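A.B. asks: Got a predicted structure plus its sequence, pasted below:
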Amino acid sequence: STWQAVRATRAERQVSRERDEAMVQKRRADDQATRAERERHAAEMQSELIQQMLASASPDQVKGSNYTVRQMLDDFAASIAGKMADQPLVEASLRSTIGIAYWRLGEGKKSLEQATRSLELRRRALGAGHEKVADSLADVALAYHELGLWPDAERHADRVDRHVADRAPRRDVGRERRVE
């Protein structure tokens, strides 16, 4: 009768809600599996490229025993161009590392090239507000500093400072209470 109809309607609604929730959970699990697979692929790609780079430093290779770190970085930087169109963050990370290595070797121009490319890739992939973009801005500032281009170095360092300030937790001073 009427109670049975009400119960049946409630049961149908409950089954519908549970089915919808199960679909949402399945979608989340599928998204996580896809993300994990993408990250696994990126890690494998990075590992393979680094192994290739390090193998090129072997004196048994065609390069000979006088092969320098600068030459290895030059070759590696050139070899990754165009190889990672589907993995821009992997490329950005590698270019950042290469840029820092060049900076430590006193190669400001090459450091700037790598840091700038890393910045472009990260901005495109992550958006201007991401912390990795701030890391790349800092790399660019270091490269400009190495080149003695102080205004450019300061401008990029200021952008890093603003980025950090934008990310800092805000306090509402007017609502804070002093405990005495």
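C.D. replies: Good, I have the coordinates.

A.B. asks: Going by C-alpha atoms from here, please, whenever you check contacts or count neighbours.
C.D. replies: Noted.

A.B. asks: Tally up the residues packed near residue 88, please.
C.D. replies: 20 (other CA atoms under 10 Å).

A.B. asks: pLDDT score for it?
C.D. replies: Here the pLDDT value assigned to residue 88 is 90.

A.B. asks: Can we start the residue count at 740 from this point?
C.D. replies: Taking 740 as the first residue, the last one we looked at is residue 827.

A.B. asks: Please report how far the residue lying closest to it once chain neighbours are set aside lies from residue 831.
C.D. replies: Spatial nearest neighbour of residue 827, excluding adjacent residues (CA to CA, 6 or more residues apart in numbering): residue 860 at 5.9 Å. Computed as CA to CA, to the nearest Å, the residue 860 to residue 831 distance reads 6 Å.

A.B. asks: swap in residue 784?
C.D. replies: 13 Å.

A.B. asks: Please identify which of those two sits among more neighbours.
C.D. replies: Neighbour count, other CA under 10 Å: between residue 784 and residue 831, residue 831 has more, with 26 against 17.

A.B. asks: tell me the contacts of the more buried one?
C.D. replies: By CA atoms under 8 Å, 6 or more residues apart in numbering, residue 831 lies in contact with 856-858, 860-861.

A.B. asks: Pass me the low-pLDDT residue ranges in the protein, would you?
C.D. replies: The chain contains residues with pLDDT under 70 at 790-804, 906-919.

A.B. asks: So which residues of it form helices?
C.D. replies: Assigned by DSSP state H, the helices in the chain fall at 741-794, 808-819, 827-843, 847-865, 870-886, 889-906.

A.B. asks: Give me the distance between stretch 847-859 and the centre of its chain.
C.D. replies: 15 Å (CA atoms, centre = their mean, to the nearest Å).

A.B. asks: what comes into contact with it?
C.D. replies: Outside stretch 847-859, the residues touching it (CA under 8 Å, 6+ apart) are 830-832, 834-835, 837-842, 872, 875-876, 878-879, 882-883, 885-886.

A.B. asks: Next, the distance between the ends of stretch 861-876.
C.D. replies: Note: stretch 861-876 ends 10 Å apart using CA to CA.

A.B. asks: buried residues in it?
C.D. replies: 861-862, 870-876 (16 or more other CA atoms under 10 Å).

A.B. asks: residue contacts, the residue positioned nearest the centre of the chain?
C.D. replies: Nearest to the mean C-alpha position of the chain, counting by CA atoms, centre = their mean, stands residue 828 at 4.8 Å. By CA under 8 Å, 6+ apart, the contact list for residue 828 reads 860-861, 864.
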